[in-house]
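Participant: Got a sequence here, can you build the structure:
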Amino acid sequence: MRKKVLFFALAVCMCMLPPMAMAQGKPCDPIGYLPWWEDFQAYPHNTTPPTEPFCWHFQGTNEPSIGSYNINGGYLTCVLDLYSTGETWAVLQNPFDTSLTVNHLQVTFSAGKSRNDASLNSDLIIGVCKNPTNPVGNFTPLDTVLAIPYCSPDTMARFTVDFAAYNDTGRYFCFLTKPLLSSGINFLAIDSIVFDFNDHCMVPHGLRVSHITDESALLQWGQYSSNHIDLEYKRLTDTGWTRVGATGRQIHLANVLMPSTSYMARIRQDCSLASNGYSDWSDTVFFTTDTVRCRMPRNLALTDVGNTYASFAWTPAGSASQWELHVFNSSFNRVFTATNNTYMVTGLSYGTNYRVAVRSMCDASNASDWTDTIMITTSNCYNVTNVTAEPSYTEATLNWAMGADMNDHWEVVWGNPGFHDGYELGRQEVEGAPHLSITGLDSATSYVAKVRSLCEDGRYSEWSSVAFTTLSGGGSQEGIAAGDGMTVAIYPNPATTATTIAVKGVEGRVNVAIIGMDGRTVRMFTKDCPVDCEMVLDVEGLAKGSYVVRLWRVAGDNNGIDITRKFFVE
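Facilitator: All right, here's what the predicted structure looks like:
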């Protein structure tokens, strides 16, 4: 006989449940997660005819029910009433789920005799049966409570039964009551039935393998008391095991296995936190990985986006050297082929949502699965239009039309044809009016200028560009004529502290201006030149970057000139 564990106070013999317990489902769902309880509080009682408890099967002389009793002025309410003559069965119709191992479990319940009468003494036998509707002949008893004690108005006995000795295949919990007298009557009340794991560190069962690929496998098992599992696996040809720990009911061996290889695996419980050590190892399972397949790329990401384009990058997997990028929405559906792991998609619409996925193409008939899709939205910062340039000898005036959103903030860059970001000759932001005059250009030289809108939240449009060539020679401005035979040299170039401007073939006073790439004049002076002259320019006070030297003489002077040269400060 299992000893009584404790008595607990009941004002009306109400149940006390574990705070994390899980209630049964309806209708008669399997008992899958623990703790699980039945406390009968949801049933009406003292009904005529008596209420039949849901998901319980009764077999005997009288049908048990839900009842309440007057015991010396006290009440024992909402309990399982086992009032009957002769042997009586009560079988719970909720089976133990196959993810649980029955001999890893225990049951705790409250019980009491509802009348203090020796003729009503009964034994209560607790066990497991295979047939939930006819337990006779397939019932395995696990423990017996002899002569259930009388339940006083404020106490009810609490009992615990361990299932560790059970070694059969039944999955249904059973009560069997037997009166001690041949003519006796069962007069028992049962309440607060709780199923949980027992304290033994049992060998886990039910290890299974699924989702096998050429490099991965998913291993799953049932729920166990410790919730901590050691898993070991190895190739059949290896002598040593590889061990990993897991919490819960599964572990994914990802990217650690070899293609076309046979493995074996086993698990055990780690009960060390409860000072119960470790269980023995489970039965071994065997599995074989697939042959090498085309692997799905990873980490698909948006790297840049504009009004009509979007750029993407991803991490290759396996040996693929070609990929397909799928870009789609309700009105757009295209697949693009990429030969490296970056790609720019063009031809998109302003301010529009698109979904994007990528897959590896290992050969014409071997493709990976598509990655999960990502959502992108193109910008709606509209491009400027009608960019024009009006060049002179050393300057140019740029004009453009606002975009459709009437944005009035722009960025302008200019440089030599084919220049890239960071190699421009000048860059300037413009607000208000859509035009800009740039200076410091060389005559008879080709340039490209680009304009884009700068919108809120760091958004910007695509570039709109114009190419132009400055006029050759000089003199058409205010009657200035080009100087024949004149040369200008700047050295050293680039300069760090000072540079020399050497002029030959000029006689008379020359005006000199130093102009930054933002168009502002930072230095200006005059120099009298007797045919040839040199000017030393101190650059220590200038910021690093590129500058333009402009030399000119106004109209009316002998041998009028207007010429520019570029130099750099490091």
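Participant: In stretch 304-312, which residues are buried?
Facilitator: Going by neighbour count (16 or more other C-beta atoms under 10 Å), the buried part of stretch 304-312 is 305, 306, 307, 308, 310, 312. Backbone N, C-alpha and C define where each C-beta goes, glycine included.
Participant: ok, now stretch 260-274?
Facilitator: In stretch 260-274, counting by 16+ other C-beta under 10 Å, buried: 263, 265, 266, 267, 268, 269, 270, 271.
Participant: Ok, stretch 193-212 next?
Facilitator: Neighbour count says stretch 193-212 has 193-198, 200-207, 209, 212 buried, by 16+ other C-beta under 10 Å.
Participant: what does stretch 385-397 give?
Facilitator: Neighbour counts over stretch 385-397 (16+ other C-beta under 10 Å) mark 387, 389, 391, 392, 393, 394, 395, 396 as buried.
Participant: In strands, which of these appear?
Facilitator: Those of the buried residues of stretch 385-397 mapping onto strands are 387, 389, 391, 396, per DSSP state E.
Participant: Could you give the number of residues near the residue lying closest to the second one once chain neighbours are set aside?
Facilitator: Put plainly, it is residue 389. Counting by C-beta to C-beta, 6 or more residues apart in numbering, residue 468 is the residue found nearest to residue 389 once chain neighbours are left out, at 3.8 Å. Per other C-beta atoms under 10 Å, the neighbour tally for residue 468 reads 17.
Participant: just residue 245 next, same as before
Facilitator: Look at residue 245: counted by other C-beta under 10 Å, it has 10 neighbours.
Participant: List the residues that contact the residue nearest to residue 389.
Facilitator: The neighbours of residue 468, taking C-beta atoms under 8 Å, 6 or more residues apart in numbering as the test, are 389, 391, 396, 446, 447, 448, 449.
Participant: bridging residues for it?
Facilitator: With DSSP bridges applied, residue 468 shows beta-bridge pairing to residue 447.
Participant: mind checking how far it is from residue 162?
Facilitator: Distance of residue 468 to residue 162, computed by C-beta to C-beta, to the nearest Å: 93 Å.
Participant: All the strands of the stretch 201-350 of the chain, residue numbers only.
Facilitator: Applying DSSP state E, counting those that start in this stretch to the stretch 201-350 of the chain gives strands spanning 208-210, 217-220, 228-235, 242-247, 250-253, 262-269, 285-288, 298-305, 309-315, 323-328, 333-338, 342-346.
Participant: Sorry, wrong one. I was asking about the stretch 51-200 of the chain.
Facilitator: 56-59, 65-71, 74-85, 88-92, 105-113, 122-129, 139-145, 155-162, 172-179, 185-197.
Participant: Tabulate those strands in CSV, adding columns for mean pLDDT and distance to residue 436.
Facilitator: Shown next, in CSV, are those (pLDDT from 0 to 100; distance: least, C-beta to C-beta, whole Å):
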stretch, mean pLDDT, distance to residue 436
strand 56-59, 84, 88
strand 65-71, 46, 89
strand 74-85, 64, 86
strand 88-92, 88, 86
strand 105-113, 86, 82
strand 122-129, 89, 89
strand 139-145, 89, 92
strand 155-162, 82, 88
strand 172-179, 88, 86
strand 185-197, 81, 78
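Participant: Would you mind putting those strands into JSON lines with distance to residue 357 alongside?
Facilitator: Compiled in JSON lines, those are given as follows (distance: least, C-beta to C-beta, whole Å):
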{"stretch": "strand 56-59", "distance to residue 357": "52"}
{"stretch": "strand 65-71", "distance to residue 357": "57"}
{"stretch": "strand 74-85", "distance to residue 357": "56"}
{"stretch": "strand 88-92", "distance to residue 357": "49"}
{"stretch": "strand 105-113", "distance to residue 357": "46"}
{"stretch": "strand 122-129", "distance to residue 357": "51"}
{"stretch": "strand 139-145", "distance to residue 357": "55"}
{"stretch": "strand 155-162", "distance to residue 357": "54"}
{"stretch": "strand 172-179", "distance to residue 357": "49"}
{"stretch": "strand 185-197", "distance to residue 357": "44"}
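Participant: and of these, who's closest to residue 219?
Facilitator: Proximity to residue 219 (C-beta to C-beta) singles out strand 185-197 among the strands of the stretch 51-200 of the chain, at 21.0 Å.
Participant: Please tell me the pLDDT value assigned to the residue nearest to residue 218 when sequence neighbours are not counted.
Facilitator: Closest residue to residue 218 in three dimensions, ignoring its sequence neighbours and counting by C-beta to C-beta, 6+ apart: residue 211, at 4.1 Å. Per-residue confidence (pLDDT) for residue 211: 89.
Participant: correct me, but residue 211 touches residue 217?
Facilitator: Yes. Look at residue 211 against residue 217 with C-beta atoms under 8 Å: they come within range, at 6.6 Å.
Participant: shared neighbours of those two, anything?
Facilitator: residue 252.
Participant: List just the nearest of the contacts of residue 468 to residue 298.
Facilitator: Proximity to residue 298 was ranked across the contacts of residue 468 by C-beta to C-beta; first place goes to residue 448, at 39.4 Å.
Participant: residues contacting that closest one?
Facilitator: By C-beta under 8 Å, 6+ apart, the contact set of residue 448 is 414, 415, 416, 417, 418, 419, 465, 466, 467, 468.
Participant: Mind putting the residues you listed into TSV with secondary structure and pLDDT?
Facilitator: Listed next are those as TSV, based on DSSP: H, G, I helix; E, B strand; the rest coil; pLDDT from 0 to 100:
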residue	secondary structure	pLDDT
414	strand	93
415	strand	90
416	coil	88
417	coil	88
418	coil	87
419	coil	87
465	strand	93
466	strand	93
467	strand	93
468	strand	90
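Participant: now that we have the residues you listed, which one has the most neighbours?
Facilitator: When neighbours are counted by other C-beta under 10 Å, residue 414 leads those with 25 neighbours.
Participant: what's across from it in the sheet?
Facilitator: Residue 414 has these beta-bridge partners by DSSP bridges: residue 426, residue 449.
Participant: Need the pLDDT of the spatially closest residue to residue 455 that is not a sequence neighbour.
Facilitator: Spatial nearest neighbour of residue 455, excluding adjacent residues (C-beta to C-beta, 6+ apart): residue 381 at 3.7 Å. For residue 381, the pLDDT comes out at 86.
Participant: Regarding residue 381, which helix or strand does it belong to?
Facilitator: Residue 381 belongs to no helix or strand when elements are defined using DSSP states H and E.
Participant: show me the contacts for it.
Facilitator: 307, 403, 405, 407, 453, 454, 455, 459, 460, 461.
Participant: Also residue 524?
Facilitator: Here residue 524 is in contact with 511, 512, 513, 514 (criterion: C-beta under 8 Å, 6+ apart).
Participant: From residue 426, how far out is it?
Facilitator: Distance of residue 524 to residue 426, computed by C-beta to C-beta: 19 Å.
Participant: quick one: least confident of the contacts of residue 468?
Facilitator: Note: of the contacts of residue 468, the lowest pLDDT belongs to residue 391, at 85.
Participant: who does that residue bridge with?
Facilitator: Beta-bridge pairing for residue 391 (DSSP bridges): residue 396.
Participant: wait, it sits on residue 470?
Facilitator: Yes. Between residue 391 and residue 470 there is a contact under C-beta under 8 Å: 4.7 Å.
Participant: Give the residues shared as contacts by the two.
Facilitator: Both residue 391 and residue 470 are contacted by 441, 447, under the criterion C-beta under 8 Å, 6+ apart.
Participant: so what's the closest residue to residue 499 other than its chain neighbours scoring on pLDDT?
Facilitator: For residue 499, ignoring the flanking residues on the chain, the nearest one in space by C-beta to C-beta, 6+ apart is residue 537 at 5.3 Å. Residue 537 carries a pLDDT score of 90 in this model.
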